[in-house]
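Chemist: following is a predicted model, sequence given first.
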Amino acid sequence: MAFILGSGSPRRLDLLAQLGVQPDAIRAPDIDETPLKGELPAPYCSRITRQKVHSIQADSDDITLCADTTVALGRRILGKPEGAGQAAEFLHALSGRRHRVITSVAVRRGDKILQRDVVSQVKVKRLSDSEIYAYLATEDWEGKAGAYAIQGPAGAFIPWISGSFTGIVGLPLSETAALLQGIGYPLYREAS
Ligand SMILES: Cc1cn([C@H]2C[C@H](O)[C@@H](COP(=O)(O)OP(=O)(O)OP(=O)(O)O)O2)c(=O)[nH]c1=O
């Protein structure tokens, strides 16, 4: 049995390390992440995660883990910004409001798939133009859903959350540990 992290996200690798899990291989999924017409954030996040876990090459006894983090502003999906202009647009849209961060996690072993969707709420304080410009200059928004990362400088913009901090960062650890145990990963035991 090999454990495969089906993610190119360095955050997910770090979060797994918090569980004491070191992947035998890392394979980044390469799928089309374009939302379907009219698709809502939660079904979108769940579908993309399922697609990711199906797309990773693995032997039948291997365990593969994939995840997707989606920022949802009402019915709107805020994905990874395409540039600083779009990042500024997202930050203006999030300013002074609450939004949801959904992280879906899936583990697969052969034909068996276990999946959990974890929804958290995040409040962003009202942001001034100078706060937004200063944050854009850090480039910390690059590659982050919704154009921010709570674990970086944008943490100063977030007075309140409800839900899973690790889920917002990219991998909800409590649910991930349960999924790994459910699929037969020897978590908290000597690997055999
Ligand atoms: C909201 C938020 C997102 N993020 C990150 C987590 C994810 O890496 C990224 C969302 O993109 P994802 O598409 O979930 O993941 P990814 O493309 O980085 O990696 P892969 O598909 O290979 O697994 O946003 C943070 O790091 N902090 C945050 O506060």
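Modeler: Arrived safely, thanks for sending.

Chemist: quick check: residues of this structure near the ligand?
Modeler: Counting by CB under 6 Å from any ligand atom, the positions of the chain adjacent to the ligand are 7-9, 11-12, 28-29, 67-69, 71, 80, 101, 143-146, 148-151, 168-170. Yep, even glycine has a C-beta here, placed from its N, CA and C like the rest.

Chemist: those helices in this protein, which residues are they?
Modeler: With DSSP state H, the ranges of helices along the chain come out as 10-18, 41-55, 84-94, 129-138, 165-169, 173-182.

Chemist: quick check: which of those helices is buried the most?
Modeler: Greatest average neighbour count among those goes to helix 165-169 (a mean of 22), per mean count of other CB atoms under 10 Å.

Chemist: for that helix, packing partners?
Modeler: Judged by 3 or more CB pairs under 8 Å, 6 or more residues apart in numbering; DSSP states H and E, helix 165-169 is in contact with helix 10-18, strand 98-109, strand 112-123, helix 173-182.

Chemist: run the last query once more with 6 Å
Modeler: With contacts taken as 3 or more CB pairs under 6 Å, 6 or more residues apart in numbering; DSSP states H and E, helix 165-169 sits against strand 112-123.

Chemist: contacts for the strand it packs on, please.
Modeler: 46, 98-107, 158-164, 167-168, 172, 175, 179, 182-183 (CB atoms under 6 Å, 6 or more residues apart in numbering).

Chemist: return a selection command, for use in ChimeraX, containing the buried ones of the residues you listed.
Modeler: For the buried members of the contacts of strand 112-123, the matching ChimeraX selection, counting by 16 or more other CB atoms under 10 Å, is:
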select :46,99,100,101,102,103,104,105,106,107,161,163,164,167,168,172,175,179,183
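
Chemist: alright, I will stop here.
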